[in-house]
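Q: take a look and give me a structure for this.
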Amino acid sequence: MSSWRKAAKANQKTHKERHQPESRKHLGLLEKKKDYKKRAEDYHEKGETLKLLRKRTLDKNPDEFYFHMINSRVKDGVHHEVEKEDEHSPDQIKLMQTQDIKYINMKRTIESRRINRLQSELHMTNIGDSTPNTHNFFVDEGEEKQFDLVKRLDTHLSLLGRKSNRPRMSDLKKINLPEVDDEVLETIKKKKNKTYKEIATRIDREKELTVIQQKMEIKRHLQDRSAKIMKPKRVQRGTKISAPVYKFQFIRKK
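A: Numbers count the residues shown, from 1 in each chain. Below you'll find the model as predicted:
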């Protein structure tokens, strides 16, 4: 019987839907059954979605909280994710992707040794003189106008601003110093300032390399087999100037 039913369907006439008559062509395209099915499916799908959203709204717990509430905002009717600060700077990403930890450690050691060498040459005396300080002198009443700071300290007028290495006049007379013009002093001052700028630049570079090294070490520890089994807890998120902080579980070594 089933084979006869299939044969009977094969001989049936195929009924086709008519097209839009010429007299009604100005009204637009005549909707066919397939168009109606798409429209009906879309309508019912939207209705089910609205019904589900209405149910979720009624069943919603007013004390419910999830972290995406504070990680997203609605501005001018448009939903936006809250932009977080980048954990790595472009230079850090470039170094971590192209170099290994041994190269970073070597460059950081070179910068550190260079900083120590420059600081030992300058002794950083200008920094001590630039910090504010007070030195009170007590004189008798009526002697304020006659008080001479150069005579009291027994030094040269140009050395009053120093806090260290301020020789007395008797010591200066023992030393036969050649005369130095203003041009030479200005050259020495420019050279000293240039050295101080180089020290500041190298200190910043050494700090950045230290942060990159710490980030790469933490990344290597997170890829260990033990860290994958017992996942560490992140205590502090990393930034461009600091590495992330993780708390690893203690593992007793055999």
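Q: residue 199: neighbour count?
A: For residue 199, the count of nearby residues is 18 (other C-beta atoms under 10 Å). C-beta: built from backbone N, CA, C; applies to glycine.
Q: all the helices of the stretch 101-250 of the chain, in order from the start?
A: 101-122, 125-130, 149-153, 169-174, 182-222, 225-229 (DSSP state H, counting those that start in this stretch).
Q: can you list those helices in a markdown table and add distance to residue 44 and mean pLDDT?
A: Formatted as a markdown table, these follow (distance: least, C-beta to C-beta, whole Å; pLDDT from 0 to 100):
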| stretch | distance to residue 44 | mean pLDDT |
| --- | --- | --- |
| helix 101-122 | 59 | 87 |
| helix 125-130 | 78 | 56 |
| helix 149-153 | 96 | 72 |
| helix 169-174 | 102 | 69 |
| helix 182-222 | 49 | 85 |
| helix 225-229 | 47 | 75 |
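Q: redo those as TSV? Include distance to residue 33.
A: Below are these laid out as TSV (distance: least, C-beta to C-beta, whole Å):
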stretch	distance to residue 33
helix 101-122	68
helix 125-130	88
helix 149-153	107
helix 169-174	112
helix 182-222	59
helix 225-229	57
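Q: of these, which is nearest residue 252?
A: Proximity to residue 252 (C-beta to C-beta) singles out helix 225-229 among the helices of the stretch 101-250 of the chain, at 11.3 Å.
Q: for that closest one, buried residues please.
A: Neighbour counts using 16 or more other C-beta atoms under 10 Å place residue 227 of helix 225-229 among the buried residues.
Q: which residues does it contact?
A: 221, 248, 251 (C-beta atoms under 8 Å, 6 or more residues apart in numbering).
Q: again with stretch 20-40
A: Stretch 20-40 is contacted by residues 17-19 when judged by C-beta under 8 Å, 6+ apart.
Q: and the residues you listed, which is closest to residue 67?
A: Closest approach between the contacts of stretch 20-40 and residue 67, by C-beta to C-beta: residue 17, at 54.1 Å.
Q: next up, phi/psi of the nearest residue to the closest one once chain neighbours are set aside, please.
A: Nearest residue to residue 17, sequence neighbours excluded (C-beta to C-beta, 6 or more residues apart in numbering): residue 32, at 5.2 Å. Main-chain torsions, residue 32, degrees, to the nearest 10: phi -90, psi 180.
Q: how far away is residue 32 from residue 57?
A: Noted for residue 32: a distance of 38 Å to residue 57, by C-beta to C-beta, to the nearest Å.
Q: which of those two has more neighbours?
A: Per other C-beta under 10 Å, whichever of residue 32 and residue 57 has more neighbours is residue 32, with 12 against 8.
Q: what pLDDT does the model give the more buried one?
A: As summarised for this prediction, residue 32 has a pLDDT of 89.
Q: also residue 38?
A: 95.
Q: helix/strand/coil for it?
A: The three-state label given to residue 38 by DSSP: H, G, I helix; E, B strand; the rest coil is helix.
Q: do the same with residue 25
A: On the three-state scheme (three-state DSSP), residue 25 is labelled helix.
Q: residues near it, how many?
A: Going by other C-beta under 10 Å, the residues that sit close to residue 25 add up to 11.
Q: any idea how far it lies from residue 94?
A: Applying C-beta to C-beta to residue 25 and residue 94 gives a distance of 65 Å.
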